[in-house]
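**Q** Starting from these lines, generate the structure:
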Amino acid sequence: MSADLAKALKNVRNALSDAEHAVIEAELDLEEPSLDLEDAILSGRDEEIERLRRENLELRAIIRRQHQASQRKPGRAS
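**A** Numbers count the residues shown, from 1 in each chain. You can find the predicted model right below:
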């Protein structure tokens, strides 16, 4: 009878180990999509930052041209 108990205990331990591995794999699967989402959000932020940087440069160029035009003396050809 003790051999049967030892075998049953071994089966329970194996089942518990398999269950622990399944839980770990499930947790990793749950984390993976959130990492993809985080990457997408960060990528979107990078694109937004780049777009704002370009707009800023364009606005600075417009302001510079307007300032230069206002500094020209009247009657001078551009």
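**Q** how far away is E25 from R65?
**A** The spacing between E25 and R65, counted by CB to CB, to the nearest Å, is 61 Å. (Each C-beta comes from the backbone N, C-alpha and C, glycine too.)
**Q** Over to E48?
**A** Counting by CB to CB - E48 and R65 are separated by 26 Å.
**Q** Just the buried positions in stretch 20-34, please.
**A** By 16 or more other CB atoms under 10 Å, stretch 20-34 has no buried positions at all.
**Q** Determine how far that stretch lies from the middle of the whole chain.
**A** 19 Å (CA atoms, centre = their mean, to the nearest Å).
**Q** swap in stretch 63-75?
**A** 45 Å.
**Q** quick one: the strands in the chain?
**A** Counting by DSSP state E, the chain has no strands at all.
**Q** what's near enough to touch the most centrally placed residue in it?
**A** By CA atoms, centre = their mean, the chain has its centre lying nearest to D39, at 2.0 Å. In this structure, D39 makes contact with no residue, judged by CB atoms under 8 Å, 6 or more residues apart in numbering.
**Q** per-residue pLDDT, it?
**A** pLDDT recorded at D39 is 76.
**Q** From A15, how far out is it?
**A** Look at D39 and A15: by CB to CB, they are 37 Å apart.
**Q** again, but for A26
**A** From A26 across to A15, the span is 16 Å (CB to CB).
**Q** Low-confidence ranges, this structure, go.
**A** In the prediction, the chain carries residues with pLDDT under 70 at positions 1, 31-37, 73-78.
**Q** So which residues of this protein form helices?
**A** Applying DSSP state H to the chain gives helices spanning 2-71.
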